[in-house]
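# 3D model of this:
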Amino acid sequence: MKRVAILISGGGSNMVTLARDMLEGADHPARPCLVLSNRPDAGGLAKAEAMGIPTAIVDHQDHKGDREGFERALIAAIDPYQPDFICLAGFMRILTPVLISHYEGRMLNIHPSLLPKYKGLHTHARALEAGDTEAGCSVHEVTAELDGGPLLGQARVRVKPGDTPGSLAARVLVQEHQLYPAVLRRFMAGNRTLLDLENHEA
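A predicted model of the protein is given here:
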């Protein structure tokens, strides 16, 4: 059985979706071994504990100005759980080669845009400002390039008249919850081809 550590910074909705897929899927090849947050007040920690998943906190505020020191502390907290894979699920820290090289080839991230469009923050507002007719989310392998690793999966939603960043984000989040578990299963099986998730949005 493979082991997956999930890193969060907030409410952890993608973490919950990944964990449920692992815990409730009898055929799933993995189990969540740890949920870690860089924020002590992250709502996802209580959700993980309620699911029986070990949790940890490495507060980035304790490492101000020392991004690499923060990541060495992350590794020290994660490695005792011996994860085979790392899933970033709303982990809002820009990573350095310290962490990326340590888990190279084993770390995934989900991003709320159709990469390579709109790397970084405020993706939905940027899509609306550009007049895009569709938006979506992407799962990619984590590399040294911010939101630039090989694409593993994408899901799309139509941009509707009157959409706001909030309304668009809510519809994209529904697709995130479908896409991320599906890509993780494929990735663990060695399948790194792009999954273009069919959108059944009304």
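
# wait, doesn't R93 sit right on H60?
Yes - judged on Cβ atoms under 8 Å, R93 makes contact with H60 at a distance of 6.2 Å. In this view, the C-beta of every residue, glycine as well, is placed from N, C-alpha and C.

# Mutual contacts of the two, please.
Common contacts of R93 and H60, defined by Cβ atoms under 8 Å, 6 or more residues apart in numbering, comprise N38, F70.

# got the buried residues for the longest helix seen in the chain?
Ranked by residue count under DSSP state H, the longest helix found in the chain is helix 165-188. Across helix 165-188, burial judged by 16 or more other Cβ atoms under 10 Å covers 165, 168-169, 171-172, 175-188.

# show me what contacts G65?
G65 neighbours (Cβ under 8 Å, 6+ apart): none.

# what about it, which helix or strand?
If you go by DSSP states H and E, G65 is not part of any helix or strand.

# who's in contact with the closest residue to E141 other than its chain neighbours?
Spatial nearest neighbour of E141, chain neighbours left out: G149 (4.0 Å); criterion: Cβ to Cβ, 6 or more residues apart in numbering. Residues near G149 by Cβ under 8 Å, 6+ apart: N109, H140, E141, V142, T143.

# Quick check: G149 vs H102, distance?
Separation of G149 from H102 (Cβ to Cβ, to the nearest Å) stands at 15 Å.

# do the same with A169
31 Å.

# which strands and helices sit next to the helix or strand containing L7?
Using DSSP H and E, L7 falls within strand 2-8. Helices and strands touching strand 2-8, by 3 or more Cβ pairs under 8 Å, 6 or more residues apart in numbering; DSSP states H and E, are helix 13-24, strand 30-37, helix 44-50, strand 85-88.

# Partner strands of the shortest one, with direction?
It refers to strand 85-88. Looking at strand 85-88 with DSSP bridges, its partner strands are strand 2-8 (parallel), strand 107-111 (parallel).

# Spit out the contact partners of the most centrally placed residue in the chain.
Geometric centre of the chain, nearest residue: A89, 2.8 Å, by Cα atoms, centre = their mean. For A89, the contacting residues are I6, L7, I8, G12, N14, M15, L18, G44, I110, Y180, by Cβ under 8 Å, 6+ apart.

# 7 Å instead?
If a contact means Cβ atoms under 7 Å, 6 or more residues apart in numbering, then A89 has I6, L7, I8, G12, N14, M15, L18, I110 as its contacts.

# again, but for S138
Applying Cβ under 7 Å, 6+ apart, the residues contacting S138 are H111, S113, L114, L115, L151, G153, Q154.
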